[in-house]
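Undergrad: Predicted model and sequence follow; I will ask about them next.
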Amino acid sequence: MGGPTLTGGSQALILFGHGARDARWAEPFERLRQMLAAARPELHVALAFLELMSPSLPDAIAAAVSTGCREITVVPMFLGQGGHVRRDLPNLIDACRAAHPELALRCVTPVGEDSGVLAALAAYCLQQVPAG
């Protein structure tokens, strides 16, 4: 799921998630990937996972590079900054930079650090509570 379905130009966006044993866990990420690809057809959009699913981040980056991508933005799909975001992800990014020194590789803050994402989650949660 979310393998190298890459089309477009020299930029890529990789949504990086934890991964799970159950393939259904990744379905919302795949829907998001499809939405992003439809919104920006010139952008390579792919998924990558830390564990239990594929592709791995190094594999997703290598696939993007093999299609001609020279600028890649990695978006960690995590709400908080646990050990995976603070320790594992920086190590993976460093290894990918070493493997692809010609690549402009940028890793942004996790989605849970964005106030707009939190506002959308808060709005959703409040919609679930009956008024009154």
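TA: Arrived safely, thanks for sending.

Undergrad: Extract the residue ranges of the protein that are flagged as low pLDDT.
TA: 1-8 (pLDDT under 70).

Undergrad: Next, give phi and psi for Gly83.
TA: Taking degrees, to the nearest 10, you get phi -60, psi -30 for the backbone angles of Gly83.

Undergrad: what's near enough to touch it?
TA: By CB atoms under 8 Å, 6 or more residues apart in numbering, the contact list for Gly83 is empty. Every C-beta, even on glycine, is put in place using the N, C-alpha and C of the backbone.

Undergrad: same question, the one 3 residues further on
TA: When the contact criterion is CB under 8 Å, 6+ apart, Arg86 has no partners at all.

Undergrad: Am I right that it is in a helix?
TA: Yes: counting by DSSP: H, G, I helix; E, B strand; the rest coil, Arg86 is found in a helix.

Undergrad: Report the contact partners of the residue nearest the centre of the chain.
TA: Residue closest to the average C-alpha location in the chain (CA atoms, centre = their mean): Leu15, at 1.0 Å. Each residue near Leu15 by CB under 8 Å, 6+ apart is listed here: 2, 29, 32-33, 36, 45-48, 75, 77.

Undergrad: Neighbouring strands of the helix or strand hosting it in the sheet, and parallel or not?
TA: Secondary structure assignment for Leu15, by DSSP states H and E: strand 11-17. Note on strand 11-17: by DSSP bridges, its sheet partners are strand 44-49 (parallel), strand 71-76 (parallel).

Undergrad: For Val85, give me its contacts.
TA: By CB under 8 Å, 6+ apart, the residues touching Val85 are 76, 78, 110.

Undergrad: Now the second one: closest residue in space that isn't a chain neighbour?
TA: Put plainly, it is Phe78. Pro110 (4.2 Å; CB to CB, 6 or more residues apart in numbering).

Undergrad: sorry, back to before: so which of the contacts of Val85 wins on neighbours?
TA: Within these, most neighbours by other CB atoms under 10 Å means Pro76, with 24 neighbours.

Undergrad: Contact partners for Ile93?
TA: 57, 74, 105, 107.

Undergrad: ok, now Ile14?
TA: By CB under 8 Å, 6+ apart, the residues touching Ile14 are 45-48, 57, 60-61, 64, 72-75.
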